[in-house]
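Undergrad: Below is the structure, and that's it, no one-letter string:
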């Protein structure tokens, strides 16, 4: 395939986070790789941070004025506290494989209440999400106004905090908070959702979108786990961009963009791949360990994927034969897709020969 002067360098669609992004860290508290459009220009309307919180530490109370938040717990146990209005508050715990959703501008914090580091993926419905932390906000309010909250006590009037956002800090878990835990629509357990696809020899594909998690706004997610020697059915999403983050193992991505040569991207833990709406792509597990990607969509209710195999099989055989033989690299007769197995339903995951 010839590449024209407007062709896109597909290498720009990958960000090797741990090799490129200098982490924000606080000793014995947390480490974060913060990614936005400045560090990953391919992004459009979505991003994700990788965050690791130590025991008895927290992401300090804050809100995002320009983005909804959707998170995924890779490992560990966290407590989520959020407040949106007097009738819309929640406190709940999450463990590995579970998700949380924070509406735009809702005050919230993430607390590690487990005995190990909590490893998290935190997605946002903006490519440059903004943070306002509680201690920074309080410091910006005039002392006389703060004093009016508590007068005749003057603790807030005397209080002086930082103007810098330190993101994380220590805290001591309180049993009283954990005792009031209740089921909340803001938490989501992928294990309780019927997968789009599941096979013990191939892997699984499952998503949290508005149709099965109706509280979502502006963002949604998908998790795909591939066993060794398995590939994703080549697909595209017609109306949503997709930010993939490798959450386990190593693999390869292939992306087919108009007017560009096909390109293979080797990926590992916490690498990012951004795929625009309508762009054909696939990924595969070429290792001997499980490979997992977590995807964040730019919409809460993206249209279902379009499978290349299934959509191709819809066209009359005479058209497909002519297109594939006359305009392929080899001018041969016959029907190269005559033995196509999948003509109505996507296979989701395919066993490949390594």
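TA: Yep, it's here. Computed from a prediction, not measured in an experiment: that's the story for all the values here.
Undergrad: The most centrally placed residue in the chain - nearest residue in space that isn't next to it in sequence?
TA: Closest residue to the average C-alpha location of the chain: residue 296 at 3.7 Å, with Cα atoms, centre = their mean. Of all residues not flanking residue 296 in the chain, residue 123 sits nearest, at 3.9 Å (Cβ to Cβ, 6 or more residues apart in numbering). In short, each C-beta sits where N, CA and C put it, glycine included.
Undergrad: measure the closest residue in space to residue 20 that isn't next to it in sequence to residue 65 for me?
TA: Leaving aside its sequence neighbours, residue 20 sits nearest to residue 39 (Cβ to Cβ, 6+ apart; 7.2 Å). Distance, residue 39 to residue 65, by Cβ to Cβ, to the nearest Å: 21 Å.
Undergrad: which one of those two has more residues nearby?
TA: Using other Cβ atoms under 10 Å as the criterion, residue 39 and residue 65 rank with residue 39 on top: 16 against 11.
Undergrad: Show me the shaky parts of this protein.
TA: Residues of the chain meeting the criterion pLDDT under 70: 1-11, 175-183, 354.
Undergrad: Return the backbone torsion pair for the residue lying farthest from the centre of the chain.
TA: Distance to the chain centre peaks in the chain at residue 152, reaching 47.0 Å (criterion: Cα atoms, centre = their mean). With angles defined as degrees, to the nearest 10, residue 152 sits at phi -90, psi 0.
Undergrad: swap in residue 17?
TA: Backbone torsions for residue 17, taken as degrees, to the nearest 10, come to phi -50, psi -50.
Undergrad: if I read this right, it contacts residue 32, doesn't it?
TA: No: using Cβ atoms under 8 Å, residue 17 makes no contact with residue 32, being 10.6 Å away.
Undergrad: is it fair to say residue 323 lies in a helix?
TA: Yes: assessed with DSSP: H, G, I helix; E, B strand; the rest coil, residue 323 lies in a helix.
Undergrad: quick one: contacts for residue 236?
TA: Residues in contact with residue 236 (Cβ atoms under 8 Å, 6 or more residues apart in numbering) are 275, 277-281, 305-306, 308.
Undergrad: mind listing which of the residues you listed are in helices?
TA: In this view, the contacts of residue 236 that belong to helices under DSSP state H are residue 308.
Undergrad: now the contacts of residue 236 in TSV, with distance to residue 201?
TA: Below are these laid out as TSV (distance: Cβ to Cβ, whole Å):
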residue	distance to residue 201
275	27
277	32
278	31
279	29
280	26
281	23
305	22
306	25
308	23
